[in-house]
Structure formats: structure tokens, C-alpha cells
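Trainee: Please find the sequence and the predicted model below.
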Amino acid sequence: MRNLDRYHFSLTRALTVSSLLTIAALGGQASAQTDGVQMEEVTTVIQLGDSYSAGFGVLDTDVPGPPDGQTHCDDPKYSRQEVSPGYRLTELIEAETGRDIEFVFEACGGAQVFEDGSADLASQWEQAKNQLLDLEVELGAGEGTVIVLTFGGNDVRTVGGDSWVDVVTYCTFEVDPFHDCNAYPNAYYLQIHNLPEIQLEVAIALANIAAEVPEATIRYLGYPIPFQPVHSVALSLPGGPFIGLPPTCLGMTGLSIYEANFLDSQANVLNSVLENAVFLANGTTVVDLGYVDVDSYFRQHGACSTTQPFVNDIDWIAPFVPEANSLHPLQQGWNAYFQALRDDLGW
């Protein structure tokens, strides 16, 4: 049955490409959207995604992050579903309405959007549907169902073929005083190279899910900008003018402010591509599908901050092996994620 599901998903994907290209040619003209689900109408919440949906950042033990292309989906050490936006949303609905809500969790650290395997988005969606079948919950056209996800970061590949983790590791450990990772030629090879592919694959995956559950509510949450060098207040010298202190990144070891700004710029570009992908997918369906920009909820609270960071700095299990919580949200960051989702839904 799983192979047939995969075939059906691939066939639908081929058909969806044509639709998305047509939408792009028309300038992204989208279908009219629904008015949005009300809290009282929700019966099921599904959390899909990667480590930014799976609770990384507040894992209980110090464990290395999944190697590139691998996951630890079945290892409980790599999951804290109770901090995920979907779980928090379920708690809110149950507290406000007094009803029991079905919650399905399939998010997994290391998951990629369209890497054929147990943790890619298509497989997570199939596994979520199987969970609902086991619970004897009728999904139907998605009435009363809210799907929350964050995906795309693990699909990143640079001009030089590196993953996002590879890039951050290089920028942290390189010691060339004349060529920071943000300077030429390093900056060229460390730029994200496969953004058009990520945009298309995300749009296809979302459009395929939306086609199955056109009455569901789907929210795609962006990534926090990780570093955000801190702008210090100006100093007033005795008898002299105000002097503005330069930005700092004291919360991070081994990273200059220029490198931090370069990496942040790449995260911004990725978020823009993901937002565009949601916009494209919207043009194929009338489903309530939206992108949630979390940038303002994390602003001035990146890993560079020494006072109020919402994002972990980098801890190393061994040289060149970052700990899994590195650059993922602290509890304050997970609170910010949930608040962004809640505000977007108007609840």
C-alpha cells in the first residue's frame, strides 16, 4: 500500500508541476481562499516537519545532530513534541473549548521535503493519515483539521554542494584572518544554490496535500533568523559627542558579526523562497493555506544576544560535530513560534 501511495503522490506531483508553472506565468494569481477555521470547529491537529517542528533546542540530553541525509525519527531522545506549535495549539483548543482534540505528530529532525524516504514530507503525510486510521478518525476532505509544518532547511545545498550545517560549521571554525566566510571567494561557494528547486518541491508537496484535504487549514511556519548581531546603545563621552558602538555577536564563539550577517542573509533568502512556495501552492487550491512569518517574534533575540536569546548558540559534541540543540529555539523561542501561529489564526 505504501508503494501505491508513493506512486499516486508522484503522479499527482507531475500533474501539479504543470499547474504551478501556469500560475507562475500568470504572476502567481491564486484562487479565492476560505474565511479561516474557528477554534470551535477544530477536531484534529497534525504536526509535520523537521527539527524546527520536532522540539530541537530543548532536547533533554546532549546528543549530536543527525548527519546530513539521515534522521533519528524513532529515537525519543530526538523529539519534544510537547513544545511543538501543533501540540501547543491542541492544548489551547482543549482548554478553551473543553473538547478532546486528536493530535498527530510526525515531525522528525533531519527530514527533507522531497527526499524519498521515511521522513520526507510525502511519507510524513501518509504516516499521519495512517495514525488517524488507527485512531478511527475520519479525515475526509479535512474539515476541522489543522496541519502545521516547517520544512526546507535540510534541503539546502550551496554552490559548493554543502549543507546548511556544513556552512555554519565552516564559518565557525575557519581562522583565515584575510578571508572570513562572508568574503570572496568563500561567500560565493557558501551561497544557497538550489533555491528554485526547494521552492518548486515545497509548492508541489503542499499542493498535493491540499488537493487531498481541500477543507483543511494548513500553516507553513518560516525559520527564525539565527544570529542577529546585537546593536549596542550609543555612549556619551565626557565633554564629547555620542559614539555609537558597533554591533556585536558575543553570544557566539568563533563567529564575526560579518559572518553572522552573511548567514542571516541566507536564512532570509530561504524564508522568502518558502513564502513564495506557499503562494504558488495557493494558486492550485481553495484550501486555507498560509505562510507564517516568525521573524518579528525573534527579532533582536538571535544567538548573538547575551541577554535575551531565543535561539541556542552552538555547542560542540566534538570538533566539527554540533550538538542537536544548536541554533534551535530555546523555550522562549518555542513560545514565540506558538504565538506567531496563534496570532496568524486570530485565536
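Mentor: Here it is on my side, so go on.

Trainee: neighbouring contacts of the helix or strand harbouring residue 87?
Mentor: Using DSSP states H and E, residue 87 falls within helix 85-97. Helix 85-97 has contacts (Cβ atoms under 8 Å, 6 or more residues apart in numbering) with 39-40, 42, 45-47, 53, 81, 99-101, 103, 105, 146, 148, 221, 334, 337-338, 341-342, 345, 347. No exception for glycine: its C-beta is placed from N, CA and C like everyone else's.

Trainee: Downstream of that helix, the next helix or strand is which one?
Mentor: Following helix 85-97 toward the C-terminus (DSSP H and E): strand 102-105.

Trainee: neighbouring strands for that following strand, and are they parallel or not?
Mentor: Strand 102-105 pairs in its sheet with strand 44-47 (parallel), by DSSP bridges.

Trainee: Only the buried members of the contacts of helix 85-97: can you turn that into a PyMOL selection?
Mentor: Once 16 or more other Cβ atoms under 10 Å is used to decide burial, the buried members of those can be selected in PyMOL as follows:
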select buried, resi 42+45+46+47+53+81+101+103+105+146+148+221+334+337+338+341+345
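
Trainee: now the helices for the stretch 201-347 of the chain?
Mentor: 257-282, 295-298, 331-345 (DSSP state H, counting those that start in this stretch).

Trainee: Nearest to residue 217, out of those?
Mentor: helix 331-345 (7.7 Å; Cβ to Cβ).

Trainee: For stretch 183-198, C-alpha coordinates in PDB please.
Mentor: These are the backbone C-alpha positions of stretch 183-198, laid out as PDB (Å, rounded to 0.1, in the frame of the first residue of the first chain):
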ATOM      1  CA  ALA A 183      34.200  37.300   1.900                       C
ATOM      2  CA  TYR A 184      35.000  36.300  -1.700                       C
ATOM      3  CA  PRO A 185      35.600  33.600  -2.800                       C
ATOM      4  CA  ASN A 186      34.100  31.800   0.200                       C
ATOM      5  CA  ALA A 187      30.800  33.700   0.100                       C
ATOM      6  CA  TYR A 188      30.200  32.600  -3.400                       C
ATOM      7  CA  TYR A 189      30.700  28.900  -2.700                       C
ATOM      8  CA  LEU A 190      28.600  29.100   0.500                       C
ATOM      9  CA  GLN A 191      25.600  30.700  -1.100                       C
ATOM     10  CA  ILE A 192      22.400  28.600  -1.300                       C
ATOM     11  CA  HIS A 193      22.400  27.200  -4.800                       C
ATOM     12  CA  ASN A 194      19.200  25.100  -5.100                       C
ATOM     13  CA  LEU A 195      16.600  27.700  -4.100                       C
ATOM     14  CA  PRO A 196      14.400  27.300  -7.200                       C
ATOM     15  CA  GLU A 197      14.300  23.500  -6.600                       C
ATOM     16  CA  ILE A 198      13.300  24.000  -3.000                       C
END
